[in-house]
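**Q** below are the sequence and a predicted model; questions follow.
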Amino acid sequence: MTTIAVIPGDGIGPEVVEQAMVVLDRLGIGLKFDVLDHVNATSYLRDGSTLETADMDRVRSGAGILLGAIGDPRVRSVDYAREILLRLRFELDLYVNYRPARLLHDRLSPLRDPARRAIDCVLVRENTEGLYVDVGGTVREGTDHETAIDAEVSTYFGVSRVIGFALRAARHGVCMVDKANAVRNSGELWQRCWRDLGEAHPELVKTHLYVDVAAMRLVEDPASFEVIVTNNSYGDILSDLAAQVAGGLGAAASANINPESGAGLYEPVHGSAPDIAGTGTANPFGAILSGAMLLDQLGRTDEANAVRGAVDRAVAARRCTVDLGGQLGTADAGRAVVSEL
């Protein structure tokens with residue numbers, strides 16, 4: 001048996017991750033789910049617990065992590081989410097955030113021009129550095145002279161390994177995105193790593209865009225991208241934009257991985273969506289497709305492709321939730337994928 005650690009989390013997380021487990025179990029490939037259903041906002045509000053040492057031991061002993069969502073409007077402190085998500089990313093060194101954006105059906109694209117709708121690209125985002133490492137502080141807090149500083153951290157080691165991954169993952173071309181014309185120091189580091197590593201891949205088309213131009217191009221001609229590599233904050237923004245161009249966040253999947261160790265955290269992009277939690281209307285396809293990415297990491301490529309194909313057929317037949325043009329609830333949409341398998 002292969003054990004998968006599951007953190008259902010908050011909001012719609014338990015609802016969508018349940019359907020992902022149903023689909024993965026249906027494949028009959030010997031997966032066992034270790035569900036950490038106590039890691040959530042309710043536990044945090046009750047006793048301040050987040051991800052304890054024993055929980056990390058269970059996570060490390062598994063072959064991967066399937067995460068529903070973290071976030072609850074009752075929790076005002078940012079420490080709750082950071083102590084779960086960032087602890088997993090940093091302690092497991094999940095330095096690649098891998099977010100594919102693929103149009104599931106032509107009707108889902110918000111773009112008018114049919115010739116430009118067929119987005120099928122991957123955002124490779126550096127996941128352990130940048131603005132999210134919490135370097136900085138506040139002085140004179142609560143006064144008219146309050147000053148807040150957040151420092152962006154980029155290292156040659158961190159930048160070079162994520163660019164190297166993106167170059168190895170591409171078949172045709174990679175676009176590196178930065179803002180070197182305004183953010184000089186980290187921009188120059190990204191540019192140097194890009195030049196140094198790109199020389200080893202003459203077979204690839206290598207392009208560069210500033211982040212504002214990249215955002216414009218993702219809307220203007222999203223089909224022109226294959227792989228985009230960028231830093232933590234730019235990747236966070238661009239990947240959500242790419243997901244919307246591909247038809248919406250509901251079906252957007254992601255992986256946080258360490259390619260060398262094989263560690264991986266797989267989660268839908270949409271978040272906990274507390275406004276629809278408990279209504280049975282959440283789209284489970286993002287969680288199911290995240291499960292397919294987990295299968296890829298386990299070397300189960302045929303099964304992963306079978307899951308993706310089943311989702312495609314369910315969407316084409318409108319056997320899906322309202323956001324994708326169907327009328328099904330969460331559980332029925334999950335059953336539709338199972339029946340397509």
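**A** Cool, the structure landed.

**Q** in three-state terms, label the closest residue to residue 86 other than its chain neighbours for me.
**A** Once flanking residues are discounted, residue 86 sits nearest to residue 132: 7.2 Å by C-beta to C-beta, 6 or more residues apart in numbering. C-betas here are computed from N, CA, C, even on glycine. Secondary structure for residue 132, judged by DSSP: H, G, I helix; E, B strand; the rest coil, is helix.

**Q** so what's the residue count around residue 132?
**A** Residues contacting residue 132 under the criterion other C-beta atoms under 10 Å number 21.

**Q** residues touching it, list them.
**A** Residue 132 sits next to 86, 232, 233 when contact means C-beta atoms under 8 Å, 6 or more residues apart in numbering.

**Q** what's the burial count for the residue lying closest to the second one once chain neighbours are set aside?
**A** Think residue 232. Excluding the flanking residues, the one nearest residue 232 by C-beta to C-beta, 6+ apart is residue 130, at 3.0 Å. Number of residues near residue 130 (other C-beta under 10 Å) recorded here: 24.

**Q** how near is residue 130 to residue 150?
**A** 10 Å (C-beta to C-beta, to the nearest Å).

**Q** same question for residue 266.
**A** Distance from residue 266 to residue 150, by C-beta to C-beta: 28 Å.

**Q** so the two - more neighbours on which side?
**A** residue 266 (26 against 14).

**Q** just list whatever residues bridge to that one.
**A** Residue 266 has the following beta-bridge partners by DSSP bridges: residue 66, residue 255.

**Q** what residues are up against residue 198?
**A** Residue 198 neighbours (C-beta under 8 Å, 6+ apart): 167, 204, 206.

**Q** can you read off the pLDDT for it?
**A** As predicted, residue 198 sits at a pLDDT of 96.

**Q** what helix or strand is residue 68 on?
**A** If you go by DSSP states H and E, residue 68 is part of strand 65-69.

**Q** and the next helix or strand after that strand, what does it pack against?
**A** The first helix or strand that comes after strand 65-69 along the chain, using DSSP H and E, is helix 79-81. The contact analysis (3 or more C-beta pairs under 8 Å, 6 or more residues apart in numbering; DSSP states H and E) places helix 79-81 against no helix or strand.

**Q** let me know the next secondary structure element after helix 79-81.
**A** Following helix 79-81 in sequence, per DSSP H and E, is helix 87-91.

**Q** show residues contacting that next one.
**A** 50, 51, 56, 59, 65, 94, 127, 128, 256, 265.

**Q** can you pull the contacts of residue 290?
**A** 20, 66, 253, 254, 255, 266, 267, 268 are the contacts of residue 290 under C-beta under 8 Å, 6+ apart.

**Q** quick revisit: how close does the residue nearest to residue 232 sit to residue 23?
**A** 33 Å.

**Q** how about the most centrally placed residue in the chain: what's its closest non-neighbour residue?
**A** Centrality entry for the chain: nearest residue to the mean C-alpha point is residue 254, 2.9 Å, by C-alpha atoms, centre = their mean. Closest residue to residue 254 apart from its sequence neighbours, by C-beta to C-beta, 6+ apart: residue 99 at 4.6 Å.

**Q** the one you found should be in a helix, yeah?
**A** No. Under three-state DSSP, residue 99 sits outside any helix and is assigned strand.

**Q** turn the contacts of residue 132 into CSV, including pLDDT.
**A** Below are these laid out as CSV (pLDDT from 0 to 100):
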residue, pLDDT
86, 89
232, 96
233, 97
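
**Q** residue 51 - that's part of a helix, no?
**A** No. Secondary structure of residue 51, determined by three-state DSSP: coil, with no helix assignment.

**Q** I figured it hits residue 43, correct?
**A** No. Between residue 51 and residue 43 there is no contact under C-beta atoms under 8 Å: 10.1 Å.

**Q** looking at those two, which one has more neighbours?
**A** Counted by other C-beta under 10 Å, residue 51 and residue 43 do not tie: residue 51 has more neighbours, with 18 against 15.

**Q** list the residues that contact the more buried one.
**A** 39, 59, 83, 84, 87, 88.

**Q** for the second one, give me its contacts.
**A** What it means is residue 59. Contacts of residue 59 by C-beta under 8 Å, 6+ apart are 5, 36, 51, 65, 88, 92.

**Q** from residue 265, how far off is the fifth one?
**A** Read that as residue 88. Taken as C-beta to C-beta, the span from residue 88 to residue 265 is 6 Å.

**Q** repeat that for the third one.
**A** Separation of residue 51 from residue 265 (C-beta to C-beta): 12 Å.

**Q** let me see the ranges of the strands in this structure.
**A** 2-9, 31-35, 65-69, 96-102, 120-126, 136-139, 147-150, 173-178, 205-210, 227-230, 253-257, 264-268 (DSSP state E).

**Q** looking at those strands, which is nearest to residue 158?
**A** strand 120-126 (6.2 Å; C-beta to C-beta).

**Q** what's that closest one in contact with?
**A** With C-beta under 8 Å, 6+ apart, strand 120-126 has contacts from 95-103, 158-159, 162, 165-166, 169, 222-223, 225-232, 234-236, 238-239, 242.
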